[in-house]
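Enquirer: A structural model of the following input is requested.
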Amino acid sequence: MFRSLGALVGDLLVVILFVAIGFVQHGTPLTTENLFIVGWPFAVGVLLGHLAIRAWRAPFRIWPHGVFVWAITLATAMALRTLFSAGTEVSFVITTAIVTGVLMLGWRALALFLTRGERDAPTDRPATGTGTTGTGTTDPADETVS
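Expert: Numbering: from 1, shown residues only. A predicted model of the protein is given here:
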């Protein structure tokens, strides 16, 4: 549960960082109100992306979870910005896609790298010696998910 919440917070922080960088680059005052006005379509996209892909199942996975959350975030944000006449020039869409893609997938790659020991560590389950459930089938708990 904490990883799922962490993934959601990580993506929302990416949105805030992206919006803040945009304000600094364009000389716009960095206020809470400005962050909210520009950032809310992206935040809605992040939430929708997490729900649509059910990101809590593998919150740090880059493919397909991270890629789909990023794509849904981008599409939702651009649709909402278009709906509210907030501007979706081609250069803005391209810049948004590149920067949010690098940041959203980049932090996931870092999280996967930092937690690799947890995935590679042997489990504390008692060994059965056969790897089967007794019915001749492999126990799904013995399979690793990459």
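Enquirer: quick one, helices of this structure?
Expert: Using DSSP state H, the helices of the chain run over residues 2-26, 32-53, 67-83, 90-114, 116-120.
Enquirer: Of all those, which one is nearest residue 61?
Expert: Relative to residue 61, the nearest member of the helices of the chain by C-beta to C-beta is helix 90-114, separated by 7.2 Å. For glycine as for every other residue, the C-beta is placed from the backbone atoms N, C-alpha and C.
Enquirer: What helices and strands are in contact with that closest one?
Expert: On a contact count with 3 or more C-beta pairs under 8 Å, 6 or more residues apart in numbering; DSSP states H and E, helix 90-114 meets helix 2-26, helix 67-83.
Enquirer: related to what we said a few turns ago, take the helices of the chain and lay them out in a markdown table including mean neighbour count and distance to residue 60.
Expert: A markdown table is the format used below for the helices of the chain (neighbours: other C-beta atoms under 10 Å; distance: least, C-beta to C-beta, whole Å):
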| stretch | mean neighbour count | distance to residue 60 |
| --- | --- | --- |
| helix 2-26 | 16 | 6 |
| helix 32-53 | 17 | 13 |
| helix 67-83 | 19 | 11 |
| helix 90-114 | 15 | 4 |
| helix 116-120 | 9 | 10 |
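Enquirer: Include mean pLDDT when you put these into JSON lines, please.
Expert: Converted to JSON lines, these look like this (pLDDT from 0 to 100):
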{"stretch": "helix 2-26", "mean pLDDT": "94"}
{"stretch": "helix 32-53", "mean pLDDT": "96"}
{"stretch": "helix 67-83", "mean pLDDT": "97"}
{"stretch": "helix 90-114", "mean pLDDT": "96"}
{"stretch": "helix 116-120", "mean pLDDT": "77"}
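Enquirer: got CSV for those, with distance to residue 59 too?
Expert: Converted to CSV, the helices of the chain look like this (distance: least, C-beta to C-beta, whole Å):
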stretch, distance to residue 59
helix 2-26, 3
helix 32-53, 8
helix 67-83, 9
helix 90-114, 8
helix 116-120, 13
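Enquirer: Any chance you could list what contacts stretch 79-91?
Expert: By C-beta atoms under 8 Å, 6 or more residues apart in numbering, the residues outside stretch 79-91 that reach it are 38, 40, 41, 44, 45, 78.
Enquirer: Grab the nearest non-local neighbour of the second one.
Expert: Put plainly, it is residue 40. The shortest distance from residue 40 to any non-neighbouring residue, by C-beta to C-beta, 6 or more residues apart in numbering, is to residue 80 (7.9 Å).
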